[in-house]
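**Student:** Just need the structure, nothing else, for what follows:
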Amino acid sequence: MAPAIMNDDQPPPDLLALKAEHRQLDQQIAELQAEPGCDQLELARLKKRKLRLKDQIQQIETSNIPDIIA
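**Tutor:** As a prediction, this is how the structure comes out:
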């Protein structure tokens with residue numbers, strides 16, 4: 001398998017997938033919070049998953065920034 005060629009204009013596909021999942025979790029959390037008497041355990045699990053995704057997204061984004069020595 002050939003290595004993926006990085007292009008600044010096109011983020012890697014895994015980053016796009018993580019961002020899409022992050023948006024989906026955000027929507028699920030908002031819907032769950034809107035319900036009266038929502039399941040707090042499920043809400044906490046979704047929020048924790050969302051934070052892990054955010055960390056993964058941040059790690060990928062920072063790894064794509066080249067180190068520039070001034």
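
**Student:** For L15, which residues are in contact?
**Tutor:** Shown in contact with L15 (C-beta atoms under 8 Å, 6 or more residues apart in numbering): I57, I60, E61. All C-beta atoms are positioned from the backbone trio N, CA, C, and that covers glycine.

**Student:** Spit out the contact partners of the residue lying closest to the first one once chain neighbours are set aside.
**Tutor:** Translated: I57. Of all residues beyond its chain neighbours, the one nearest I57 is L18 (5.1 Å), with distances taken as C-beta to C-beta, 6 or more residues apart in numbering. With contacts defined as C-beta under 8 Å, 6+ apart, L18 is in contact with L53, Q56, I57, I60.

**Student:** and the second one, that one's in a strand?
**Tutor:** No - the assignment for Q56 (DSSP: H, G, I helix; E, B strand; the rest coil) gives helix, which keeps it out of a strand.

**Student:** you'd agree E42 is up against L32?
**Tutor:** Yes - using C-beta atoms under 8 Å, E42 makes contact with L32 at a distance of 6.6 Å.

**Student:** Who has more neighbours out of those two?
**Tutor:** L32 (15 against 12; other C-beta atoms under 10 Å).

**Student:** The residue nearest to that one when sequence neighbours are not counted - how many residues pack around it?
**Tutor:** The spatial neighbour of L32 that comes closest, neighbours along the chain excluded (C-beta to C-beta, 6+ apart), is C38 at 4.9 Å. Each residue near C38 was counted by other C-beta under 10 Å, and the total is 13.

**Student:** Please confirm that C38 is located within a helix.
**Tutor:** No - the assignment for C38 (three-state DSSP) gives coil, which keeps it out of a helix.

**Student:** give me phi/psi at it?
**Tutor:** phi -70, psi 160 (degrees, to the nearest 10).

**Student:** same check, this time on S63
**Tutor:** phi -70, psi -20.
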